[in-house]
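**Student:** Task: produce atomic coordinates for the following.
(one chain, ligands or ions: 1)
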Amino acid sequence: MVTTLASAAEVAIERRYGGHPSSAILWNDVLSILLTHRSVRAYRPDPLPREALATLIAAAQSASTSSNQQYWSVIAIADPDRKAELARLAGNQKHVIDAPLLLLWAAYIARTERILAGRQEATEALDYLESLVVATIDASLAAQNAATAAESLGLGAVFIGGLRNRPEDVAAVVGLPPRAVVLFGLVVGWPDSTRPTEVKPRLPQASVLHSERYSTDALDEAVAAYDQTSLAFQAEQGLPGIGWISQVVRRSQVSALHGRERLREALVALGFGLR
Ligand SMILES: Cc1cc2nc3c(=O)[nH]c(=O)nc-3n(C[C@H](O)[C@H](O)[C@H](O)COP(=O)(O)O)c2cc1C
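**Tutor:** Residues are numbered from 1 along each chain as shown. Take a look at the predicted model:
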């Protein structure tokens with residue numbers, strides 16, 4: 001079927017907001033990749049093309065980086081035993097085992113420290129929380145570029161925040177130096193087309209976009225509408241019909257942190273100053 005650009009954009013925006021009315025958008029191939037993103041948790045075991053890893057990392061390194069400090073590193077894991085161990089540490093996530101590649105995205109201040117220390121320069125500024133925040137932003141931008149690059153190649157991907165349940169154990173598995181922490185993983189592989197995933201609707205723009213000044217005027221209505229959109233999406237996907245609000249409530253309990261309530265302690269143990 002021939003699809004006009006206009007109708008492809010309309011279909012994509014309708015899916016992104018679950019049918020909730022939204023403004024017209026501009027459209028091109030990059031926007032098509034971005035708007036049709038969905039996390040993939042079902043993979044074929046097939047290997048990736050030989051050039052895939054270098055391609056994803058080049059895309060990641062093309063992201064903007066605060067003051068060009070490039071405060072991140074990535075560890076590529078293909079070894080099945082190591083993937084299985086990391087899957088266990090992330091709360092037994094099977095897709096980590098099934099996909100051929102797991103990328104670990106680390107906030108990595110250790111490289112800067114090494115450069116400074118080798119020149120007898122002061123490292124005190126690295127002890128401030130700011131350096132971890134900068135590294136976290138840089139690593140996240142890089143990882144998102146890699147994810148979009150993977151999707152543009154027809155690959156599937158899903159982030160793995162579960163690795164923050166056990167930061168010191170994850171660091172030990174891959175031998176991270178001090179002042180480095182794995183923030184999250186990114187699973188990459190060929191999607192299993194027999195178990196397809198759909199675009200998951202997002203909050204209406206009215207609840208995230210503010211014009212000139214912050215306002216809650218449209219918030220309650222937008223959230224209520226999104227709860228209904230989520231219920232419809234869950235029904236369509238055969239998922240438990242709990243809506244979005246109760247998911248937010250459940251995920252905001254300390255018990256849902258699964259060990260991450262001690263993240264500060266873990267970061268200090270891994271050598272971060274957090275001043
Ligand atoms: C930082 C981060 C960590 C995540 N951690 C996990 C995870 O541990 N396991 C998982 O299955 N999905 C994980 N996800 C995927 C989210 O659940 C998913 O992006 C969200 O539900 C929206 O669905 P979508 O990506 O299909 O649009 C993570 C996403 C992000 C951004």
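**Student:** all helices of this structure, in order?
**Tutor:** 5-16, 29-35, 52-61, 80-89, 94-98, 110-118, 129-152, 167-174, 219-237, 245-251, 263-269 (DSSP state H).
**Student:** List the buried residues for the third one?
**Tutor:** Looking back up the chat, that one is helix 52-61. Residues 52-53, 55-57, 59-60 are the ones in helix 52-61 that count as buried (16 or more other CB atoms under 10 Å). From N, CA and C alone the C-beta is placed, and that goes for glycine too.
**Student:** Also stretch 133-143?
**Tutor:** Buried, per 16+ other CB under 10 Å, within stretch 133-143: 134-143.
**Student:** Check stretch 206-224 too.
**Tutor:** 206-207, 222-223.
**Student:** Need the contact partners of it.
**Tutor:** Residues external to stretch 206-224 that are found in contact with it (CB atoms under 8 Å, 6 or more residues apart in numbering): 203-204, 226, 244-245.
**Student:** Can you give me every residue that contacts the residue lying closest to Gly18 once chain neighbours are set aside?
**Tutor:** Distance criterion CB to CB, 6 or more residues apart in numbering; nearest residue to Gly18, sequence neighbours excluded, is Pro201 at 3.1 Å. Residues in contact with Pro201 (CB under 8 Å, 6+ apart) are 15-20, 226, 229-230, 233.
**Student:** Of all these, the one with the weakest confidence?
**Tutor:** Lowest pLDDT within those is found at His20 (85).
**Student:** Where does pLDDT dip in the stretch 51-200 of the chain?
**Tutor:** Within the stretch 51-200 of the chain, no range satisfies pLDDT under 70.
**Student:** where does it come near the ligand, residue by residue?
**Tutor:** Neighbours of the ligand within the stretch 51-200 of the chain, by CB under 6 Å from any ligand atom: 90, 93, 158-162, 184, 200.
**Student:** Can you select the buried ones among the residues you listed for me in ChimeraX?
**Tutor:** Only the buried entries of those go into this ChimeraX selection, using 16+ other CB under 10 Å:
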select :90,93,158,159,160,162,184,200
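**Student:** what bridges to Leu104?
**Tutor:** Note on Leu104: beta-bridge partners Ile75, Gly185, judged by DSSP bridges.
**Student:** coming back round to it: which among the contacts of stretch 206-224 end up buried?
**Tutor:** Applying 16+ other CB under 10 Å to those, the neighbour count classes 203-204, 226, 244 as buried.
**Student:** so which two of the residues you listed are the farthest from each other?
**Tutor:** Pro204 and Trp244 (11.5 Å; CB to CB).
**Student:** between these two, what contacts are shared?
**Tutor:** In contact with both Pro204 and Trp244: Tyr226, using CB under 8 Å, 6+ apart.
**Student:** on that earlier part again, which member of the buried residues of stretch 133-143 is positioned nearest Gly238?
**Tutor:** Using CB to CB, those come closest to Gly238 at Ala143, 29.9 Å.
**Student:** Am I right that that closest one is in contact with Phe184?
**Tutor:** Yes: using CB atoms under 8 Å, Ala143 is in contact with Phe184, at 7.1 Å.
**Student:** what touches both of those two?
**Tutor:** Common contact partners of Ala143 and Phe184 (CB under 8 Å, 6+ apart): 105, 159.
**Student:** re earlier: I'd like the buried residues of stretch 206-224 as JSON lines, with pLDDT and distance to the ligand appended.
**Tutor:** Converted to JSON lines, the buried residues of stretch 206-224 look like this (pLDDT from 0 to 100; distance: CB to the nearest ligand atom, whole Å):
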{"residue": "Ala206", "pLDDT": "91", "distance to the ligand": "19"}
{"residue": "Ser207", "pLDDT": "91", "distance to the ligand": "16"}
{"residue": "Ala222", "pLDDT": "95", "distance to the ligand": "18"}
{"residue": "Val223", "pLDDT": "96", "distance to the ligand": "17"}
